[in-house]
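Asks: just a sequence and a predicted model for now, questions to come.
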Amino acid sequence: MNHADRIDQTVRGIYDTFDRPSEHPVEAGLGFIDGWIDALDGLGGSALTGLQNELRNLRACVERHDRPAIAASLQLLGEETSRIAHNMHSFTDGTGDQLRHLGQTLVTASGNLKMS
């Protein structure tokens, strides 16, 4: 799966989780997180290493069902993803735009989790 498809699938998964939480077991969310950790593995760069570490933190928070910590982690991931996307404005394949959308979705998910 290419990164554009993975980003799209992740955004849809986040929306689906909030729209129909009973249909999305924790294991599916952990699989998404693991997939992103694996996808970023070996790409290098401190920003990506930081994202991987935060994804591992998010995974642990999900396993503990720690909603406040999940919300905080989603917020950090969204902000970092948006920052990385900002630096990708020169890519013509739309990856930067997709990452911006993912960053916004993560921040929105964080806010929704805090409010629920």
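Replies: Yep, that arrived.

Asks: now Gly13: closest residue in space that isn't a chain neighbour?
Replies: Phe32 (5.7 Å; Cβ to Cβ, 6 or more residues apart in numbering). C-betas here are computed from N, CA, C, even on glycine.

Asks: what helix or strand does that neighbour sit in?
Replies: helix 26-40 (DSSP states H and E).

Asks: state the mean pLDDT of the following helix or strand past that helix.
Replies: Downstream of helix 26-40, the first helix or strand assigned by DSSP H and E is helix 46-64. Computed over helix 46-64, the mean pLDDT rounds to 89.

Asks: list the contacts of Ser82.
Replies: Contacts of Ser82 were listed using Cβ atoms under 8 Å, 6 or more residues apart in numbering, and they are Leu99, Arg100, Gly103, Gln104, Val107.

Asks: model confidence for it, exactly?
Replies: For Ser82, the model assigns a pLDDT of 89.

Asks: quick check: His62 touching Ile33?
Replies: Let me fix one detail, which is that residue 62 is Val and not His. Yes. Between Val62 and Ile33 there is a contact under Cβ atoms under 8 Å: 7.0 Å.

Asks: convert the C-alpha atoms of stretch 50-69 to CSV, please.
Replies: Taking Å, rounded to 0.1, in the frame of the first residue of the first chain, the C-alpha atoms of stretch 50-69 are listed here in CSV:
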residue,chain,number,x,y,z
GLY,A,50,9.7,11.3,16.9
LEU,A,51,6.5,10.3,15.1
GLN,A,52,7.3,6.6,15.6
ASN,A,53,8.0,7.2,19.3
GLU,A,54,4.7,9.0,19.7
LEU,A,55,2.9,6.3,17.8
ARG,A,56,4.3,3.8,20.2
ASN,A,57,3.1,6.0,23.1
LEU,A,58,-0.4,6.2,21.5
ARG,A,59,-0.4,2.4,21.2
ALA,A,60,0.3,2.0,24.9
CYS,A,61,-2.4,4.6,25.8
VAL,A,62,-4.9,2.7,23.6
GLU,A,63,-4.0,-0.6,25.3
ARG,A,64,-4.6,1.0,28.7
HIS,A,65,-7.8,2.7,27.5
ASP,A,66,-6.4,6.0,28.9
ARG,A,67,-8.7,8.5,27.0
PRO,A,68,-7.0,11.7,28.3
ALA,A,69,-3.5,10.3,27.2
